[in-house]
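Peer 1: Task: produce atomic coordinates for the following.
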Amino acid sequence: MSIRVLIVDDQMMVREGFSVLLNAQQDIEVVGEAVDGHDAVAKVRALEPDVVLMDIRMPGMNGLEATREIVAADTSAKVLVLTTFDLDEYVYQALRAGASGFLLKDASARQLAEGVRVVASGESLLAPSVTRRLITEFARVTQVRRGVVGSHQVEELTERETEVLVLIAQGLSNAEIADRLVVAESTIKTHVSRVLVKLGLRDRTQAAVYAYETRLITPT
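Peer 2: Just a heads-up that it's a prediction; the model follows:
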């Protein structure tokens with residue numbers, strides 16, 4: 001089955017350009033376009049896309065607000081943030097709100113398509129060093145909102161679960177973590193699921209942000 005994509009951007013040329021690039025992929029289908037956050041929320045409900053390519057800076061409801069609403073609605077859609085800047089505080093906030101990763105708008109057609117596939121598969125687009133740089137930069141200057149509650153939650157993790165959380169924050173995939181720890185990938189998937197449940201997090205991206213915010217892992 002094709003990966004269903006909704007493109008959200010206030011610039012028509014951007015929407016049309018991404019549509020052409022993605023529709024050229026055999027396994028990806030652009031099912032709709034939205035011009036702002038309000039339009040995006042409505043079309044996610046109507047079209048049920050697998051992935052939402054979300055611009056951040058739009059008039060009316062911006063991409064950050066739209067991401068929050070889409071995630072709060074508990075849809076199956078994964079949000080992939082698009083931005084012109086690699087260090088944008090709005091992107092960091094979107095990751096905290098539940099976005100599954102981000103891409104720069106100057107990404108190649110191959111990077112765009114692969115990003116959609118990665119997010120659709122349930123993984124987080126965290127591997128590029130620029131993403132880790134963004135997370136660590138704003139984790140450094142942002143007050144930890146979870147405070148003491150966050151540290152208590154970390155203590156609930158087993159030693160192996162904590163190890164897996166750190167590796168997630170470093171941008172490793174399940175397969176890479178399994179190779180690093182010399183265990184089956186299915187075992188890592190179980191650990192990841194338990195980490196998310198214990199910490200009350202939605203996905204791997206929020207887990208990575210959490211690890212930085214609670215200083216479980218520090219910028220290098």
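
Peer 1: C-alpha from now on. contacts and neighbour counts both.
Peer 2: Noted.

Peer 1: who does the helix ranked longest in the chain touch, helix- and strand-wise?
Peer 2: Using DSSP state H to define each element, the chain has its longest helix at helix 185-199. Using 3 or more CA pairs under 8 Å, 6 or more residues apart in numbering; DSSP states H and E, the elements in contact with helix 185-199 are helix 147-155, helix 159-169, helix 174-181, helix 204-213.

Peer 1: so where do the helices sit in this protein?
Peer 2: 12-23, 37-47, 63-72, 89-97, 109-120, 129-141, 147-155, 159-169, 174-181, 185-199, 204-213.

Peer 1: and the first one, what does it pack onto?
Peer 2: For helix 12-23, the contact count by 3+ CA pairs under 8 Å, 6+ apart identifies strand 3-8, strand 28-34, helix 109-120 as packing neighbours.

Peer 1: Other residues contacting that helix?
Peer 2: Residues outside helix 12-23 that contact it (CA atoms under 8 Å, 6 or more residues apart in numbering) are Ile7, Val8, Asp9, Ile28, Glu29, Val30, Glu33, Val35, Ala109, Leu112, Ala113.

Peer 1: same thing but at 6 Å, please
Peer 2: Residues from elsewhere that reach helix 12-23, judged by CA atoms under 6 Å, 6 or more residues apart in numbering: Glu29.

Peer 1: Same check on the shortest one?
Peer 2: The set of residues external to helix 174-181 that reach it, using CA under 6 Å, 6+ apart, is Ala184, Glu185.

Peer 1: For the spatially closest residue to Leu64 that is not a sequence neighbour, report the pLDDT, please.
Peer 2: Ranked by CA to CA, 6 or more residues apart in numbering and with sequence neighbours excluded, the top spatial neighbour of Leu64 is Ala94, at 5.3 Å. We have a pLDDT of 78 for Ala94.

Peer 1: ok, now the one 4 residues further on?
Peer 2: Here, the pLDDT recorded for Gly98 equals 82.

Peer 1: same thing with Leu167?
Peer 2: So Leu167 comes in at 89 (pLDDT).

Peer 1: can you check Leu103 too?
Peer 2: 82.

Peer 1: That one reaches Leu82, doesn't it?
Peer 2: Yes. Taking CA atoms under 6 Å as the definition, Leu103 is a contact partner of Leu82 at 5.1 Å.

Peer 1: Can you tell me the closest non-neighbouring residue to Ala113?
Peer 2: For Ala113, the spatially nearest residue (CA to CA, 6+ apart) is Leu22, at 6.3 Å.

Peer 1: what sits against Ala109?
Peer 2: Ala109 neighbours (CA under 6 Å, 6+ apart): none.

Peer 1: try it again with 10 Å
Peer 2: Applying CA atoms under 10 Å, 6 or more residues apart in numbering, we find Ala109 in contact with Gly17, Phe18, Val20, Leu21, Leu22, Ala24, Gln25, Gly115.

Peer 1: Assess the claim that Asp27 and Ala120 are in contact.
Peer 2: No. Counting by CA atoms under 10 Å, Asp27 sits too far from Ala120 to count as a contact (11.3 Å).

Peer 1: Tell me how far the closest residue to Met61 other than its chain neighbours lies from Asn62.
Peer 2: Once flanking residues are discounted, Met61 sits nearest to Gly37: 4.6 Å by CA to CA, 6+ apart. Going from Gly37 to Asn62 by CA to CA, to the nearest Å gives 5 Å.
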